[in-house]
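Peer 1: predicted model follows, preceded by the sequence.
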Amino acid sequence: MRKLVPFIFAFFICFTLHAEFINIGVFASKQINSFDFSVRAGKYALFTESGKIKELDSKATLSIKYVDGFVEVKQNGTLIGKYRKVNLMGVGWYNHFMVKSSNPTGLERRFDDNLKIIAQRNKMQLVNNLDLDNYVAGVVEAEVGRKPPKEYFKLQAIICRTYALANTEKHIVDGYNLCDEVHCQAYHGKTFFNNIVEAAMQTRGAVIVDSDIQLITAAFHSSCGGQTVNSEDVWSKSLYYLRSVKDTFCLKHKDATWQKEIDKKQWKSYLTARLPSTIPERQYMNFSVSDRLKYFPESKLSFEELRGKFRLRSTYFNIQETDSKVLLKGRGFGHGVGLCQIGAMEMAALGYNYSEILHFYYSGVHIIDLSALDFFKDD
Ligand SMILES: [Zn+2]
Ligand SMILES: [Zn+2]
């Protein structure tokens, strides 16, 4: 028996190291004044600044309302109390709950694990405290839906996990780690899609690091159009693992190309103001590229600037003059840096595994377990 104790202790330490939790500000841009909290699975305990108030079984519902700086909690019409802080903590084996707003009406989402409600100066903020991998699964569904091949969900899970852990300080002043919008990563609560839940669990703990064992900036975009972009061509920072690669995997997709017509006068006046006068008009009214370029030849006008100004789908396009317009014929969708999602989905469909796909788009990175990251951080 004595021999067993250290073993159990060691197991417990390992287990707690892996159970990472994260705090997500949910309904971040919406002001929820009142809502119903209902237990959908497991068991919950209500904790406040006055300690534990009560336990809630799987059928229980609480009505929660913001009143003058306090969170008012009622059950079946009876007031339980008014608090500054309310924590609804899952105490069963597998816990999830639903939030249904009554003011404003119509918002309804389900979440895994725990809910904190913080009374702020003029509103209450809902914070979903949950297991990192439950969060990752929710993000994967919100970001890419249910259609991609199963292997693709695994690499998207690793990217979302890497992003989350690299950005845990982003909303510290708001009282949580990340918000639930595209500002951080889209998250609409719990996913019930098995392929995604399994992908998050099968890659549990996996993150991408660079050669200094730092979490990478795991940039991705919809489609590169045949060639991805160096990071410094879009942002000022050059990162060795965000290099331009030739990608034929995305070329056959129906959204691989685009066209846009622009008024000739508008195009001409914008370009003449920014290009050196030595460049003849025919060069920017009729132009074609094979490889991606950062700048218009012999100038400081970047294609990224043109993409922003004319709201183009990408920086990778040819220019053709017509009667009163210029016709832009482009390839790809998005900034073009890092992983090309359409290409990665095609690779997954062709049988490449998540590691091969990540290494194809991110040059010279390593996929490691979080526990190793902690180990090197302490070093
Ligand atoms: Zn955010
Ligand atoms: Zn691509």
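Peer 2: Ah, there it is. Ligands and ions are numbered 1, 2, ... in the order given.
Peer 1: so which residues on the protein come close to ligand 2?
Peer 2: By the rule C-beta under 5 Å from the ion, the part of the chain lying against ligand 2 is C224, D247, C250, C340, G343. The C-beta positions use only the backbone N, C-alpha and C, and glycine is treated the same way.
Peer 1: contacts only, for the residue nearest to the fourth one when sequence neighbours are not counted.
Peer 2: With C-beta to C-beta, 6 or more residues apart in numbering as the criterion, C340 has its nearest non-adjacent residue at 4.0 Å, and that residue is C224. Contacts were defined as C-beta atoms under 8 Å, 6 or more residues apart in numbering; by that measure C224 touches D247, C250, Y316, G332, G334, G336, C340, G343.
Peer 1: which is the succeeding secondary structure element to the helix or strand of the chain with the lowest mean pLDDT?
Peer 2: Ranked by mean pLDDT, DSSP states H and E, the weakest helix or strand in the chain is helix 4-18, scoring a mean of 42. Remark: after helix 4-18, the chain's next helix or strand is strand 21-26, criterion DSSP states H and E.
Peer 1: helix or strand right after that next one?
Peer 2: Once the chain leaves strand 21-26, the next helix or strand it forms, by DSSP H and E, is strand 34-41.
Peer 1: that following strand - contacts with which helices or strands?
Peer 2: strand 61-67, strand 96-103 (3 or more C-beta pairs under 8 Å, 6 or more residues apart in numbering; DSSP states H and E).
Peer 1: now render those as JSON lines, adding mean pLDDT.
Peer 2: Formatted as JSON lines, the helices and strands packed on strand 34-41 follow (pLDDT from 0 to 100):
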{"stretch": "strand 61-67", "mean pLDDT": "97"}
{"stretch": "strand 96-103", "mean pLDDT": "96"}
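Peer 1: just put those strands in TSV and tack on distance to R146.
Peer 2: As requested, those are exported to TSV (distance: least, C-beta to C-beta, whole Å):
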stretch	distance to R146
strand 61-67	29
strand 96-103	19
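Peer 1: H171: which of those is closest?
Peer 2: Proximity to H171, assessed across those by C-beta to C-beta, is greatest for strand 96-103 (18.9 Å).
Peer 1: hmm, back to that, nearest to D36, of the contacts of C224?
Peer 2: Nearest to D36 among those is G334, at 38.9 Å by C-beta to C-beta.
Peer 1: with adjacent residues omitted, what lies nearest to that closest one?
Peer 2: H221 (3.0 Å).
Peer 1: go on, A137?
Peer 2: Ranked by C-beta to C-beta, 6+ apart and with sequence neighbours excluded, the top spatial neighbour of A137 is A200, at 3.9 Å.
Peer 1: wait, that neighbour touches V140, no?
Peer 2: Yes - the pair A200 / V140 is scored as a contact, 6.7 Å apart, by C-beta atoms under 8 Å.
Peer 1: what sits in contact with each of these two?
Peer 2: Common neighbours of A200 and V140 (C-beta under 8 Å, 6+ apart) are F153, A157.
Peer 1: the two: who's more crowded?
Peer 2: Taking other C-beta atoms under 10 Å, A200 and V140 do not tie; V140 has more neighbours (32 against 27).
Peer 1: quick check: the residue nearest to Q31 when sequence neighbours are not counted vs ligand 2, distance?
Peer 2: Excluding the flanking residues, the one nearest Q31 by C-beta to C-beta, 6+ apart is K123, at 5.2 Å. K123 sits 42 Å away from ligand 2, going by C-beta to the ion, to the nearest Å.
Peer 1: low pLDDT regions in the protein?
Peer 2: Applying pLDDT under 70 to the chain picks out residues 1-19, 378-379.
Peer 1: rerun at 90
Peer 2: Counting by pLDDT under 90, the chain contains low-confidence ranges at 1-20, 28-30, 58-59, 120-123, 236, 254-256, 280-284, 289-291, 323, 370-379.
Peer 1: can you list the domains in it?
Peer 2: Per automatic domain parsing, the structural domains of the chain span 20-166, 257-331.
Peer 1: out of those domains, which one sits most buried?
Peer 2: domain 20-166 (a mean of 18; mean count of other C-beta atoms under 10 Å).
Peer 1: next step: the contacts of C224 restricted to helices.
Peer 2: Using DSSP state H, the subset of the contacts of C224 located in helices is G343.
Peer 1: the contacts of C224 in strands, which ones?
Peer 2: C340 (DSSP state E).
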